[in-house]
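> sharing a model prediction with you, sequence too.
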Amino acid sequence: MIDFKKEIDKKVFHIVGDTANELRRECYAVGGCVRDMVLRRPSKDIDFVTVGSGIELAEAVAGKLGKGAHLSVFRTFGTAQVKKHNLELEFVGARKESYNRESRNPVVEEGSLTDDLSRRDFTINALALQVNTGENFGRLIDMFDGMGDIERQIIRTPLDPDITFSDDPLRMLRAIRFATQLGFKIHPETFDALTRNAGRIEIITRERIATELMKIMESPRPSIGWDLLYKSGLLKLILPELAAMKGVEVVNGRAHKDNFYHTLEVLDKLSRMTDKVWLRWAALLHDIAKPVTKKWDDKAGWTFHNHNFVGSKMVPRIFRNLKLPLDNKMKYVAKLVELHMRPIALVEDEVTDSAVRRLVNDAGEDLEDLLLLCEADVTSKNEEKVRRIMANLAIVKQKIEEVNERDNIRNFNPPVDGIEIMRTFGIGGGPLVGEIKQRIKDAILDGEIHNDYDEAREMMLRLGKEHGLTPVTDA
């Protein structure tokens, strides 16, 4: 049994407890910070509930913490926050809530500690530790057997799960997120209620949904969350393109693999290699276009031609729908989706210097991430096939090192740029400038000329002559 008095025997808990005593009110550390104490997980902040005004207590605590303490008050919500250095304390008065069906925003009234713990989402988050200094310091309040559910590794609602999820549908995603982060199981009755109320997710903003999805993606095994999202019926409402990947079709006795579970396997395999969350998103979406490109060919069987290219074009729409950032992160994911087949495809015929140069140039600074994704994408149960593909991938990596070291292709720009082309021939910008620049770049990538200024300039002059251009300067 955990010794909570020892766990909270830190200066901040004594300061808050002493201050609460001076104001003659009960005060408790609640929720995630208590759960994380039990699980020995780091906790970023500490939430306190007091029977009375949380703002008043926060103001008094900020005064006790002295210089460097920053107080933020949110009177509309009846909450306050105190920050000092890396310490973050949240204060709220005990309250009870009631909901109407059209919104997850509750009507809040003052309440007792029992009211406050009853409104919590899950039993493991409905734990409270009294911090009032004196004989009750460190006393645990566990009304719903949250400690037992932590021991059993169960996610369960304190009250009727149908009411819990209907009142605040975001809790459905939180249930799945906690199950993913902690490796817990969702209690069968709780999960059944979750599936019954899946449609209620429509009243939740996409921004809040995205926050929970990001936490799932940052977990050790993100596949747990995505599988639960599918089984609950939430996935088809949140990310229907991914839900469409589930299932296998059979024609003439020939089936393709289940692309949904292949994707989850790739995602977990990659997540063991890296914690880069946007690379994980690339893994999740790398085959996203397979449902829309799937065709049956009597000779070849099931085909997914150009699914990488089509998938890269789907990424911006998915990011917009999920309210994920429409910036370089989106472009990064789209690029990796488009390129994810290239390294393996290189060895199907011959690993030419030209093909390697183009891959290195197109991947740029994301080359290592692309190669990680390619490695994770090898999920065949045929061990001989896996050995062959990994050996081929090793050949590609070696060739990349050789070509890049020799030709300095990575992140390169042609030695002759558009400004020099315009200045040399005394012309303005236009398609011809871009064409000359691109032909020089292609010549370098194809090995026709070296990545060298003099050779590139000589080719520029030759191409200009072909278009009837005459140099006006030697610059």
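Received the coordinates, thanks. Numbers count the residues shown, from 1 in each chain.
> break down the stretch 251-400 of the chain into its strands, ranges please.
254-255, 295-297, 301-303 (DSSP state E, counting those that start in this stretch).
> now do the last one, average pLDDT.
I take that to be strand 301-303. Averaging the model's pLDDT scores along strand 301-303 yields 80.
> next, the buried residues of it.
Trp302 (16 or more other Cβ atoms under 10 Å). C-beta: built from backbone N, CA, C; applies to glycine.
> and it, what does it pack against?
Applying 3 or more Cβ pairs under 8 Å, 6 or more residues apart in numbering; DSSP states H and E, one finds that strand 301-303 contacts strand 254-255, strand 295-297.
> dump those to TSV, plus mean pLDDT.
Formatted as TSV, those follow (pLDDT from 0 to 100):
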stretch	mean pLDDT
strand 254-255	70
strand 295-297	84
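> how many other residues sit next to Glu59?
Residues lying near Glu59 (other Cβ atoms under 10 Å) number 16.
> so which bits of stretch 424-442 are buried?
Neighbour-count burial for stretch 424-442 [16+ other Cβ under 10 Å]: Thr424, Phe425, Leu432, Val433, Ile436, Lys437, Arg439, Ile440, Lys441.
> let me fix that: stretch 217-234
By neighbour count with 16+ other Cβ under 10 Å, stretch 217-234 contains the buried residues 217, 219, 221-230, 232-234.
> roughly how far apart are Tyr28 and Val12?
In this view, Tyr28 and Val12 are 14 Å apart by Cβ to Cβ, to the nearest Å.
> more neighbours: which of these two?
Using other Cβ under 10 Å as the criterion, Tyr28 and Val12 rank with Tyr28 on top: 27 against 18.
> what is the mean pLDDT for the longest helix belonging to the chain?
Counting residues, the longest helix found in the chain (DSSP state H) is helix 383-407. For helix 383-407, the mean per-residue pLDDT is 83.
> could you list every helix and strand in contact with it?
Against helix 383-407 (3+ Cβ pairs under 8 Å, 6+ apart) you get helix 342-346, helix 353-363, helix 367-376.
> which stretch among the ones you listed comes nearest Phe309?
helix 342-346 (11.0 Å; Cβ to Cβ).
> buried residues, that closest one. List them.
Here helix 342-346 shows Arg342, Pro343, Ile344, Leu346 as buried, counting by 16+ other Cβ under 10 Å.
> list the contacts of it.
Contacts with helix 342-346, where a contact means Cβ atoms under 8 Å, 6 or more residues apart in numbering, come from 355-356, 359, 362, 370-371, 374, 377, 389, 392-393, 396, 399.
> need the max-distance pair from those residues.
Asp362 and Ile389 (20.9 Å).
> those two: which is more packed in?
For Asp362 and Ile389, the more surrounded residue by other Cβ under 10 Å is Ile389, and the numbers stand at 18 against 15.
> just give the nearest non-adjacent residue to the more buried one, would you?
Take Ile389 and drop its neighbours on the chain: the residue closest to it by Cβ to Cβ, 6 or more residues apart in numbering is Val378, 5.1 Å away.
> from Lys399, how far off is that neighbour?
Relative to Lys399, Val378 is positioned 18 Å away (Cβ to Cβ).
> what does Lys441 give?
Noted for Lys441: a distance of 20 Å to Lys399, by Cβ to Cβ.
> ok so, going back, got a markdown table for the helices and strands packed on strand 301-303, with mean neighbour count and distance to Thr164 too?
Converted to a markdown table, the helices and strands packed on strand 301-303 look like this (neighbours: other Cβ atoms under 10 Å; distance: least, Cβ to Cβ, whole Å):
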| stretch | mean neighbour count | distance to Thr164 |
| --- | --- | --- |
| strand 254-255 | 11 | 40 |
| strand 295-297 | 11 | 45 |
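> could I get the ones you listed as JSON lines with distance to Leu39?
Listed next are these as JSON lines, based on distance: least, Cβ to Cβ, whole Å:
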{"stretch": "strand 254-255", "distance to Leu39": "42"}
{"stretch": "strand 295-297", "distance to Leu39": "49"}
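> strands of the stretch 101-250 of the chain, start to end?
Along the stretch 101-250 of the chain, the stretches classed as strands by DSSP E, counting those that start in this stretch are 107-110, 127-130, 140-142, 154-155, 185-186, 250-251.
> return the most buried member of those.
Most buried of these, by mean neighbour count (mean count of other Cβ atoms under 10 Å): strand 127-130, with a mean of 25.
> check contacts around Gly429.
Per Cβ under 8 Å, 6+ apart, neighbours of Gly429: Gly418, Met422.
> surely the residue nearest to Ile389 and Arg387 touch.
No. When contacts are counted by Cβ atoms under 8 Å, Val378 is not listed as touching Arg387 (9.9 Å).
> neighbour count for those two, which is higher?
Val378 (17 against 12).
> so how far is Asp287 from the more buried one?
Per Cβ to Cβ, Val378 is found 13 Å from Asp287.
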